[in-house]
Structure formats: structure tokens, C-alpha cells
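>>> Quick check, what structure comes out for this input:
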Amino acid sequence: MNRIISRSLLLIAVLFLPWVTFAKKAPIETPKKPPSVYEMSLENGLKLLIKQDKRAPIAVVQLWYRVGTSYEHEGITGLSHALEHMMFKGTKTHQSGQFEVILSENGAQNNAFTSQDYTAYYEVLAKDRIEVALELESDRMRHLILDPKEFKKEIEVVKEERRMRTDDNPVSSMREQFNAVAFMNSPYRAPVIGWMVDLDGMKLDDLQDWYKKWYAPNNATLVIVGDVEPKEMKTLVDKYFAKIPRRKLPEVKSRTEVKQFGERYLKVKLPAKVPSLRMGFKTPGIIDAVKAVKGQPRVEKWEPYALEVLATILDGGSSARLSKNLIRGQEIAVSAGAGYYGFGRLSDLFVLTGTPAKGTTVMQLKNALLKEIQTLKDTLVSTDELKRVKAQVIAGEVYERDSIEHIATLLGSLESTGIGYQLMDEYVPQVLAVTAEQIQSVAKKYLINDHLTVAELIPQDLKKANNKPAGDAK
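Numbers count the residues shown, from 1 in each chain. So this is what the prediction gives:
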């Protein structure tokens, strides 16, 4: 596969030249370059994205539905994730458990995942076994059986998953409560797995209704990446998906986050060995630059990329500022990180995290992190540092794109969030174009205390927690 960086650095000019007619000679036509991604649509609304990669005789098949936790409302959180579990529990054609057996017999790997913005199902398999995956995915798009006995067992599996990953993990619990405080109106305030009270109250009818509402071809994107021929894939997709009728989809209401008017501070007391800190500034996402929202401030196209580079300046390996200044330099942090969450269908956060070193308080670490932000506001990033960071961002992206699974996931996620898969080819040139002045500008504009939420994990005695009477949930 050609490196995306080499393509993206080219300046492409489209020239409209007048036709010149020569006697007894046909006009000279410039051969068309094949698209990097083949986009097709079925009459029922299913979008098909195909990318060829002939390095190995394998392929990735991913089916993405535009529904996740951000489509839910209070009382039904976790519904998208619970339905994901039930999608493996049988159809009118295949009994529960057969899905995995069939794929295993064909040498395929498969799984699924749910996020705030989408639910996706995937198979990695030999190219001559793609039809198996398409048949199975089309079957459960329209013929899923939601059995009461299966649901009763599976909802307990989901609850146990929540206990293990969140309730019994103090940092995860803090992050969950942090999101609930950072966001007031945005659906990003709810956990993907759902609140336990909503899982306790979930009914089979809730899942049935959710399946009927959202699992339709006109709410899905089918991504195929690998050693495939687009025309052959289109024929197979038509065979298995064309007869599935489109459905009238629910209206998706705008739930943009309300303006924040000052710093929010949250103290979380949980059994833990060490304290922890999580901080988040409200920032726009790439979607805000792609699609202007009425009533929301204008976001320039370059701003999300400047925030992306800024995050790498702070946390891009051992040479980045947080590691160099706070961990090795001042030795006030055991760990420190930064990340920009800007690739969802709604605006999100620029996050700073850290664990203070022994003898350092959480407040001291907070002030040190904010000082690093202030430095970016006061002083332009040097030319050498900016070059190094850009190279690091691009190298990481190019390296990840060496995986056909990663490429498929990029295509599906960008398309499912409404950003558009075309952004995949824009990422590198946009990062390369970021200037030191732009980094300083977004730091001053968005990383301000009035848009900040801070969560502090205050460790409680582990022995007391372990000695709680059975049934004590507090």
C-alpha cells in the first residue's frame, strides 16, 4: 500500500483546458486515477466503502450502525451495548452459538464494539470466505431473535462486565463520574456500558424496540478492506443486502453541550492505593469545523488539528513536555498524560491526567499541569520541537494504517460520526500545516479555567472496603 503521506503532500490542481480538435485525431484523455476508496450505495440506503489492499489474501468486513450511547436518553443507558451482546444470540436461520461456530470453521476472527456514536461488528477472514461474513451479517440485520432466556443470562454478563471494568476500578469509576459532571446536556455524560440502575431496569422489549428503530440498511455502513475486487464485492453485497427494506429512522435531536460558566471540581472517595487526577477542557471536535452548528461559535478547520498537535507536544513519548518536565524533571508525577478527543459526532474534551509522586499532592500536580498549559499560551513552540512532534504524529498514523483492520475502522468511524471517510486523506496534510501561532491560539481560546472540570480521586482504606458485610453496596 502506498504511504498516505506521500500522496497527501502533493498539491493537486484541477485545470479546465479548452478542447483542441485535430483533423482525423481523437481527443487525448488523461487516464483517471482509481479512487483510494470505492463508495457505492444500495437502493435501500446501505452505504458500501471498499478499499483494496493486496498485500495478503485476507479481508476485513465491518458493518457499522449509526447508534450508540449518545443516541440514548436517561433511563435506557447501556441499551446499545446490551443489544450488541444479543446480536450473537441467534436468528431465525442460525441458532444461538452457531454464528461463532460457522466463522471459526472458516478460519475467521470476529467481534463487536459499541461506542458513544456507533455500534460495529467485524470479521477478519480469508478473501475467499467473505461471502460467509456477508451472509451472517445480513441475516442478523433483519432476522434477529431476542429470546427471553438468552436476555436474562446476557444482561447479567453485562452487569458483571460493568462491575469488573468500572465499579471495581477506582480510576474508571472516577472517569465515569468526571464525565457526568463535565457534561450537563451532552449525551457523552453517560457511560457506554450504562448506569447499573438502567441495566437493572432494562427489559427485552426495550432491546426489541431499539433493534427495530436503528438496525436498518439506511442506517448502516458496510466497510470491506483487503485483497478484493470492488465489482465482485458489490455483486455479493447486492445478493445479501439489497432485499432488506429501508426503515423510517427516528429523528436525532440536537444535544449540543450548554455553555460552562466556571471551573467544576469533583472529589471522588473510593478504596484505592494512590490518588489520581483527571482534568478536562471543553473543546470543539472536527465535526464542528466540518459542519457548522446554528447558535454555536465558529470553529476554523485548522483548530482541531492544532489541538491534536498540542496534545502530542505535552504527551508524545519520553521526549514530550509532561514526561520531561513533571516525571523526570521535577519528579512530582509518577504518570502524566494528555489527549484530545475530537473525532466524535459531538464536541468533546481536551484531557489531562496524572498520578502524583510520593510527597506531592493532587493540587500541586494540578497546578503543574496548568503551568505547562500556560507556557504554551505565553511562548511559541520552537521550530525544531514542532517538526519533531509533527513527524511523530504522522509516523504514528502511518504505522497504524499498515493494518487493514485499522484502515477499515478509520473509514467506518469517520463515516458513522458524520465527519466523512474523506477526512482520512486530509489528516496528514492538515497536521503538517499546523503552525506554532495556531497552537498558541487554540491554547488561549479553549484551554481556559472557565471551561475546566477537575476530578480528584481520594484513596480510602482498602482493608475497610474488603471487610464490608455481604450485600453492602455503599
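
>>> make it CA atoms for all contacts and neighbour counts henceforth
Fine.

>>> the helices in the stretch 151-300 of the chain, which residues?
For the stretch 151-300 of the chain, helices defined by DSSP state H, counting those that start in this stretch occupy the ranges 170-182, 196-200, 204-214, 230-241, 286-290.

>>> Give me the buried positions along the second one.
Spelled out, it's helix 196-200. Residues of helix 196-200 classed as buried by neighbour count (16 or more other Cα atoms under 10 Å): 196, 198, 199.

>>> Pick the one among these closest to residue 150.
Taking Cα to Cα as the measure, residue 150 lies nearest residue 199 of the buried residues of helix 196-200, at 15.2 Å.

>>> could you list every residue that touches the closest one?
By Cα atoms under 8 Å, 6 or more residues apart in numbering, the contact set of residue 199 is 76, 77, 78, 155, 159.

>>> now those: which count as buried?
Looks like these have 76, 77, 78, 155, 159 buried, using 16+ other Cα under 10 Å.

>>> Distance to residue 411 for those - can I get that in a markdown table?
Below are the buried ones among the contacts of residue 199 laid out as a markdown table (distance: Cα to Cα, whole Å):
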| residue | distance to residue 411 |
| --- | --- |
| 76 | 29 |
| 77 | 26 |
| 78 | 25 |
| 155 | 31 |
| 159 | 31 |
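
>>> so which two of the residues you listed are the farthest from each other?
The largest separation in these, counting by Cα to Cα, is between 76 and 159 at 14.1 Å.

>>> For the chain, name the helix or strand with the lowest mean pLDDT.
Ranking every helix and strand in the chain by mean pLDDT, DSSP states H and E puts helix 4-8 at the bottom, with a mean of 32.

>>> Low-confidence stretches in this structure?
Within the chain, the ranges that satisfy pLDDT under 70 run 1-34, 293-295, 464-474.

>>> swap the cut-off to 80 and go again
The model of the chain has pLDDT under 80 over residues 1-35, 292-297, 397-399, 401, 463-474.

>>> Which residue ranges of the stretch 1-150 of the chain form helices?
Assigned by DSSP H, counting those that start in this stretch, the stretch 1-150 of the chain shows helices spanning 4-8, 79-86, 98-105, 130-142, 148-162.

>>> Determine which stretch of those is the most buried.
Across the helices of the stretch 1-150 of the chain, averaging neighbours per residue (mean count of other Cα atoms under 10 Å) puts helix 79-86 on top, at a mean of 22.

>>> same for that helix, what does it pack against?
If you count contacts as 3 or more Cα pairs under 8 Å, 6 or more residues apart in numbering; DSSP states H and E, helix 79-86 packs onto strand 109-114, strand 119-126, helix 148-162, helix 204-214.

>>> Which of these sits closest to residue 100?
strand 109-114 (7.8 Å).

>>> Parallel or antiparallel, which strands does the closest one pair with?
Paired neighbours of strand 109-114 in the sheet (DSSP bridges): strand 119-126 (antiparallel).

>>> what angle separates the partner strand from helix 98-105?
30 degrees (axes from the mean of the first three to the mean of the last three Cα atoms, to 10 degrees).

>>> Contacts for strand 119-126 next, please.
With Cα under 8 Å, 6+ apart, strand 119-126 has contacts from 57-68, 80-81, 84, 106-114, 133, 405.

>>> Can you give me the buried ones in stretch 117-131?
Across stretch 117-131, burial judged by 16+ other Cα under 10 Å covers 117-127, 129-131.

>>> and of these, the nearest to residue 345?
Among the buried residues of stretch 117-131, and counting by Cα to Cα, the member closest to residue 345 is residue 117, at 6.6 Å.

>>> Tell me which residues touch that closest one, please.
Contacts here follow Cα under 8 Å, 6+ apart; on that basis residue 117 touches 66, 67, 68, 69, 70, 71, 344, 345, 416, 417.

>>> So the first one versus residue 306, what's the distance?
The reference is to residue 66. Distance of residue 66 to residue 306, computed by Cα to Cα, to the nearest Å: 28 Å.

>>> Dig out what residue 222 forms beta bridges with.
For residue 222, the beta-bridge partners are residue 48, residue 63 (DSSP bridges).

>>> meant to ask about residue 38
Going by DSSP bridges, residue 38 forms beta bridges with residue 50.

>>> if I read this right, residue 337 contacts residue 312, doesn't it?
No: in this structure residue 337 lies outside contact range of residue 312 using Cα atoms under 8 Å: 9.5 Å.

>>> Spatially, what comes nearest to residue 144 if we skip its sequence neighbours?
Excluding the flanking residues, the one nearest residue 144 by Cα to Cα, 6 or more residues apart in numbering is residue 91, at 4.3 Å.

>>> which residues does that neighbour contact?
Neighbouring residues of residue 91 by Cα under 8 Å, 6+ apart: 139, 140, 143, 144, 145.

>>> Going by distance to residue 423, which of those wins?
When the contacts of residue 91 are compared for distance to residue 423 (Cα to Cα), residue 140 wins out at 30.2 Å.

>>> how far away is the nearest residue to that closest one once chain neighbours are set aside from residue 107?
Excluding the flanking residues, the one nearest residue 140 by Cα to Cα, 6+ apart is residue 91, at 6.1 Å. Separation of residue 91 from residue 107 (Cα to Cα): 22 Å.
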